[in-house]
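Visitor: next input, structure requested:
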Amino acid sequence: MVIAVTALCIGLFIHAVFSIVKFYVERRIPRRQLKIAEEVMRGAQPSLGTAERAYPKEVLATLAEFKRCVEAGSTKQQAALWEFGHAIGESCLKKGYQEGVKTGAIPEGKIRIEVSLNELLQMSWLAHLGFQHMMPNFRGIEIHRFSGEDDAREAARSVAMLECALPKTERPFGDVKVQILTREKMISDWWVPKVQLKSA
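Guide: Sure, this is the predicted structure:
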């Protein structure tokens, strides 16, 4: 009988110890997570801080909800922590995107054009040739010619890119389409008949 009572007491004692340890761990882990969340907030401040407030309201709201769940011992602690992490990530992404757009924005009064290396080379030598012809003492000693129809069309496209980039109010010509079609006709008038004659 004494042995049974002793065994029962030992069992109850062990159960009590395990219960206390479990309670301590369950309370300690969320509090450690809360401390980590606060550390994350401090670490993210340089990225999330603004002149109006230290952190975006979405981040503050989700952190407050996580704190409430920890204090209340709610079973929704994990979900609240996920929401907090999501808010931090979204806010960092949004801030980074806005900064990127601001950094890559075209300054006022400037025009940005994306061209390939080949297009840039075409523009370069066309500009050089045009400059030569504008000089009063130019005698045409240095001669440049298109190597063929494809070369001429590539050059025409390069010139068209520059013309289309000009604001309509600043263009020295009426309609850019007329300019483009005029060059296309010049190319067709020179090369197409020759092809037709050869085939005939």
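Visitor: what residues sit buried inside stretch 35-50?
Guide: Under the neighbour-count criterion of 16 or more other C-beta atoms under 10 Å, stretch 35-50 has Ala37, Met41, Ala44, Leu48 buried. Placement of C-beta: from N, CA and C, glycine included.
Visitor: only alpha carbons, please: show that stretch as PDB.
Guide: Extracted in PDB, the C-alpha atoms of stretch 35-50 (Å, rounded to 0.1, in the frame of the first residue of the first chain):
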ATOM      1  CA  LYS A  35      11.900  40.100 -28.700                       C
ATOM      2  CA  ILE A  36      13.200  39.000 -32.100                       C
ATOM      3  CA  ALA A  37      10.400  40.800 -33.800                       C
ATOM      4  CA  GLU A  38      11.300  44.000 -32.000                       C
ATOM      5  CA  GLU A  39      15.000  43.500 -33.100                       C
ATOM      6  CA  VAL A  40      13.800  43.000 -36.700                       C
ATOM      7  CA  MET A  41      11.900  46.300 -36.400                       C
ATOM      8  CA  ARG A  42      15.000  48.100 -35.200                       C
ATOM      9  CA  GLY A  43      17.100  46.600 -37.900                       C
ATOM     10  CA  ALA A  44      14.600  47.500 -40.600                       C
ATOM     11  CA  GLN A  45      14.200  51.100 -39.500                       C
ATOM     12  CA  PRO A  46      16.800  52.500 -42.000                       C
ATOM     13  CA  SER A  47      14.900  50.900 -44.800                       C
ATOM     14  CA  LEU A  48      11.300  51.600 -43.500                       C
ATOM     15  CA  GLY A  49      11.800  54.900 -41.700                       C
ATOM     16  CA  THR A  50      10.200  58.000 -43.300                       C
END
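Visitor: which residues sit against that stretch?
Guide: Counting by C-beta atoms under 8 Å, 6 or more residues apart in numbering, stretch 35-50 makes contact with 54-56, 59, 63, 66, 81, 84, 88, 91-92, 95-96, all of which sit outside it.
Visitor: any weak-confidence spans in the protein?
Guide: For the chain, the stretches flagged by pLDDT under 70 are 1-31, 47, 49-54, 134-143, 192-200.
Visitor: can you tell me the centre-most residue of it?
Guide: Tyr97 (5.8 Å; C-alpha atoms, centre = their mean).
Visitor: the helix or strand containing that residue: how far from the chain's middle?
Guide: Taking DSSP states H and E as the criterion, Tyr97 maps to helix 77-104. Computed by C-alpha atoms, centre = their mean, to the nearest Å, the chain-centroid distance of helix 77-104 equals 14 Å.
Visitor: buried stuff in the next helix-or-strand element following that helix?
Guide: Sequence-wise, the next helix or strand downstream of helix 77-104 (DSSP H and E) is helix 117-134. Residues of helix 117-134 classed as buried by neighbour count (16+ other C-beta under 10 Å): Glu119, Gln122, Met123, Leu126.
Visitor: which strands or helices does helix 117-134 pack on?
Guide: Applying 3 or more C-beta pairs under 8 Å, 6 or more residues apart in numbering; DSSP states H and E, one finds that helix 117-134 contacts helix 149-165.
Visitor: what does the helix it packs on contact?
Guide: Under the criterion C-beta under 8 Å, 6+ apart, residues 111, 113, 115, 118-119, 122-123, 126, 146, 171, 173, 176, 179-180, 183-184, 187, 190-191 lie in contact with helix 149-165.
Visitor: thanks a lot, see you next time.
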